[in-house]
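Trainee: Test case, fold it:
(one chain, ligands or ions: 2)
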Amino acid sequence: MPTYANRMSEIKPSPTIALAQKAKELKANGKHIISLAVGEPDAATPEYIKLAAIKAIENNLTKYTPVNGVIELREAITRRYYNQKRLEYSTEQVTVGCGGKQVIFNALFASLNPGDEVLIPTPYWVSYPDMVKLAGGTPRFITCEDNGDGLKPNYQQLEEMINHKTKWLILNYPNNPTGTILSKQDLRKIADILLKHEHVQILSDDIYEHITFDNQITTNILEVEPRLYPRTFIANGVSKAYAMTGWRLGYGLGNKDLIKKINTLQSQTTYHTSSISQYAAIAALTGTDEFIKQHTALLQKKRDLIVNALHNNTKLCCTPPNGSFYAFFCCEKYLGKIKNDVDFATLLLEREGVAVVPGSAFGMPLYFRLSFALNEDTLKDACERIQRFCKNLIGH
Ligand code: PMP
Ligand code: GLU
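Mentor: Ligands and ions are numbered 1, 2, ... in the order given. A predicted model of the protein is given here:
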């Protein structure tokens, strides 16, 4: 009988991927399923990006590259950070990996020792706690509260939870699953706390930074407090902003020593992401950002459609997201008719063929996440099904 590493008992398959997979299987079996489960834009990767990849293949740029990515890509990344945020990085302060996911994992794996703690505001992206555990650390969760502008960390609790074992604080705004953005004032409060605790590093997962609504912009904590620069690691990537989820390209910027450790780790694991994806990413990051503008405008319309439809015709409620392409709905008012959020999602899939992700996957039961990065007709159909489902739950 094969035996397995003890660390495998600490982690579970990514719930968002597992649900998306289940929806695909049901579809393949002939069921008319609408999957609002997975977090990926339905838009095609823009033509100019695809052409750059084709050109890379034609030019035989199909061999191993440096571990940390080709220099032209790292230059494109540093230039972008300078032009857009006035944040200065050298190309040695950049690492490129197989998606933001690998970059975040690398940063945690390269830095955590047993007993180290990582502070994670809840609700959180499904992978953070499991990544922390795989890397030998301990996730600790900060409560978020909604005062009408989205679920935001309880700053007093954040301060109270910091101790000598605290290694990282993870910030992910626009947030997955809520779409909440932190304002400059919010970031100022966090920065003031962190300035008092020099040993705490900040992992800023900015993967949704370009997808924001109503002309809001995302601020990185370094724009508010440059003194945090030596201990901030920024994770980002092209998956969401350029509809490039399958290309598997993410990047990280930070302290040169941490980046070196990440590169050492990556040199012994994946080596680097696909050379072709790297050339595609150069085109993405050096192009005009017209695609982002148009795509975000469409997403804003879809947000309005889904939030209005469910607010007006059900007892579900959510604070409308300011960014990302998720809405995080509370289903508490149906308790009694449903046992919990998992029951809500299971019954919704069974009865109406709509796949959503239960809030408990994000550390917040009695909610569910839906992704609205789908075409409008499908979203309208999904709304009708959810409305019917909710109506049938209460029997009128
Ligand atoms: N961070 C968050 C918050 C995400 O939702 C995702 C999407 N899976 C990622 C990071 C990583 O995305 P990717 O690996 O496709 O770059
Ligand atoms: N980030 C996406 C999501 O939250 C993709 C799936 C994943 O990597 O977990 O659905």
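
Trainee: Verify the stated contact: Ile282 with Leu73.
Mentor: Yes - using CB atoms under 8 Å, Ile282 is in contact with Leu73, at 5.1 Å. The way it works is simple: take the backbone N, C-alpha and C, and place the C-beta from them, glycine included.

Trainee: Have a look at these two and say which one is more surrounded.
Mentor: Leu73 (27 against 21; other CB atoms under 10 Å).

Trainee: does the more buried one count as helix, strand or coil?
Mentor: When classified by DSSP: H, G, I helix; E, B strand; the rest coil, Leu73 comes out as helix.

Trainee: what's the answer for the one 4 residues further on, then?
Mentor: Assigned by three-state DSSP, the conformation of Ile77 is helix.

Trainee: Cys390 versus that one, what's the distance?
Mentor: For Ile77, the distance to Cys390 (CB to CB, to the nearest Å) stands at 45 Å.

Trainee: what's near enough to touch Met244?
Mentor: By CB atoms under 8 Å, 6 or more residues apart in numbering, the residues touching Met244 are Thr45, Ile49, Val238, Ser277, Ala280, Ala281, Ala284.

Trainee: and the residue nearest in space to the middle of the chain, what are its phi and psi?
Mentor: Centrality entry for the chain: nearest residue to the mean C-alpha point is Asn176, 5.0 Å, by CA atoms, centre = their mean. Dihedral pair for Asn176: phi -110, psi 110, per degrees, to the nearest 10.

Trainee: The spatially closest residue to it that is not a sequence neighbour and ligand 2, how far apart?
Mentor: In this structure, Asn176 finds its nearest non-sequential neighbour in Trp125, 4.6 Å apart by CB to CB, 6 or more residues apart in numbering. Note on Trp125: its distance to ligand 2, by CB to the nearest ligand atom, to the nearest Å, is 6 Å.

Trainee: Tell me, how many residues neighbour Ser324?
Mentor: By other CB under 10 Å, the residues close to Ser324 number 30.

Trainee: ugh, wrong one, Ala53
Mentor: By other CB under 10 Å, the residues close to Ala53 number 22.

Trainee: Kindly report the same for Phe362.
Mentor: For Phe362, the tally of surrounding residues (other CB under 10 Å) stands at 26.

Trainee: isn't it right next to Leu151, touching?
Mentor: No - between Phe362 and Leu151 there is no contact under CB under 8 Å: 10.2 Å.

Trainee: okay, and the common contacts of those two?
Mentor: Residues touching both Phe362 and Leu151 (CB under 8 Å, 6+ apart): Pro123, Phe328.

Trainee: ok, back up a step: what about Ile77 and Cys390, which has more around it?
Mentor: Set Ile77 next to Cys390 and count neighbours by other CB under 10 Å: Ile77 wins out with 25 against 21.

Trainee: residues contacting the closest residue in space to Lys50 that isn't next to it in sequence?
Mentor: The shortest distance from Lys50 to any non-neighbouring residue, by CB to CB, 6+ apart, is to Ala280 (7.2 Å). Shown in contact with Ala280 (CB under 8 Å, 6+ apart): Thr45, Ile49, Lys50, Ala52, Ala53, Ala56, Val238, Met244, Trp247, Leu249.

Trainee: and with 7 Å instead?
Mentor: Contact partners of Ala280, counting by CB atoms under 7 Å, 6 or more residues apart in numbering, are Ile49, Ala52, Ala53, Trp247.

Trainee: ok, those residues vs Leu299, which is closest?
Mentor: Distance ranking of those against Leu299, using CB to CB, places Ile49 first at 18.5 Å.

Trainee: That closest one: neighbouring residues, count only.
Mentor: Neighbour count for Ile49, taken as other CB under 10 Å: 24.

Trainee: pretty sure it contacts Leu285?
Mentor: No - applying CB atoms under 7 Å, one finds Ile49 not in contact with Leu285, separated by 9.8 Å.

Trainee: Quick check: Leu171 vs Pro320, distance?
Mentor: Counting by CB to CB, the gap from Leu171 to Pro320 is 21 Å.

Trainee: And the two? Which one has more around it.
Mentor: When Leu171 is set against Pro320 and neighbours are counted by other CB under 10 Å, the residue ahead is Leu171, at 23 against 16.

Trainee: Quick check: nearest residue in space to the more buried one, chain neighbours excluded?
Mentor: Per CB to CB, 6+ apart, closest to Leu171 is Ser204, 5.0 Å.

Trainee: so Gln84 sits in a strand?
Mentor: No - if the criterion is three-state DSSP, then Gln84 is helix and not within a strand.

Trainee: one step back: which members of the contacts of Met244 come out as buried by neighbour count?
Mentor: Buried members of those, scored by 16 or more other CB atoms under 10 Å, are Thr45, Ile49, Val238, Ser277, Ala280, Ala281, Ala284.

Trainee: Noted, bye for now.
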